[in-house]
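Enquirer: sequence plus predicted model, see below.
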Amino acid sequence: MQTVISIEFDGQLRRIQAATPEDAVADLRGEYAEADPDRNVDLNTLTLECVTDIDTYPTWDEFEAQFRPVANHLDTNASYDGMMFETYGDELIFVNARPPENVWTLIDTGDTSWIVPGFHLVNRMGYIVTLNPWQGGQDNFLA
């Protein structure tokens, strides 16, 4: 399991993978300082009071053990340990031919990458096909 900490700061809600809220705040301060040191943002106001939520999610390793993703036989250089299928061409044709309950979508939300059950189009990076099907109410996994 991995901890994801939600922080509301500078008009944005960010979700950061970190062990503690203190680590998440420090990471976000570092990102702001590195991205634009001249930006008119008071990093002193970025405190633990900005933390809005702390959740834990299963990880890729737990996903892999539970659902058993199949290797991408069309691309020996595929991402995610050779398990990701692209969103176009022969790889998409292969994914579309699988039962829907054996298809997962890799999604990038900007702060975090997720493996979510089903076939999705928005923010998708690619697809994972598994031997074991997902069921209704299935958790999202951190990618």
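Expert: Now that the structure is in, tell me what you want to look at. Fair warning: this is a prediction, and the values are worked out from it, not measured in the lab.

Enquirer: contacts only, for the closest residue to Leu92 other than its chain neighbours.
Expert: Leaving aside its chain neighbours, Leu92 sits nearest to Glu86 (6.6 Å; criterion: C-beta to C-beta, 6 or more residues apart in numbering). Where C-beta positions appear, they are placed from N, C-alpha and C, glycine not excepted. Glu86 makes contact with Asp75, Ala78, Leu92, Gly126, Tyr127 under the criterion C-beta atoms under 8 Å, 6 or more residues apart in numbering.

Enquirer: tell me the helices and strands packed up against whichever helix or strand the fourth one is part of.
Expert: Secondary structure assigned from DSSP states H and E places Gly126 in strand 124-129. In terms of contacts (3 or more C-beta pairs under 8 Å, 6 or more residues apart in numbering; DSSP states H and E), strand 124-129 is packed against helix 79-82, strand 84-85, helix 89-96, strand 103-108.

Enquirer: okay, the angle between it and strand 103-108?
Expert: Angle of strand 124-129 versus strand 103-108, following axes from the mean of the first three to the mean of the last three C-alpha atoms, to 10 degrees, is 150 degrees.

Enquirer: partner strands of the helix or strand following strand 124-129 and their direction?
Expert: Per DSSP H and E, the first helix or strand lying C-terminal to strand 124-129 is strand 141-142. Its sheet considered, strand 141-142 pairs with strand 113-117 (antiparallel) by DSSP bridges.

Enquirer: give me the residues contacting the longest helix along the chain.
Expert: In the chain, with assignment by DSSP state H, the single longest helix is helix 21-35. Residues from elsewhere that reach helix 21-35 (C-beta under 8 Å, 6+ apart): 5, 7, 9-10, 14, 16, 18, 39, 41, 43, 46-48, 50-51, 54.
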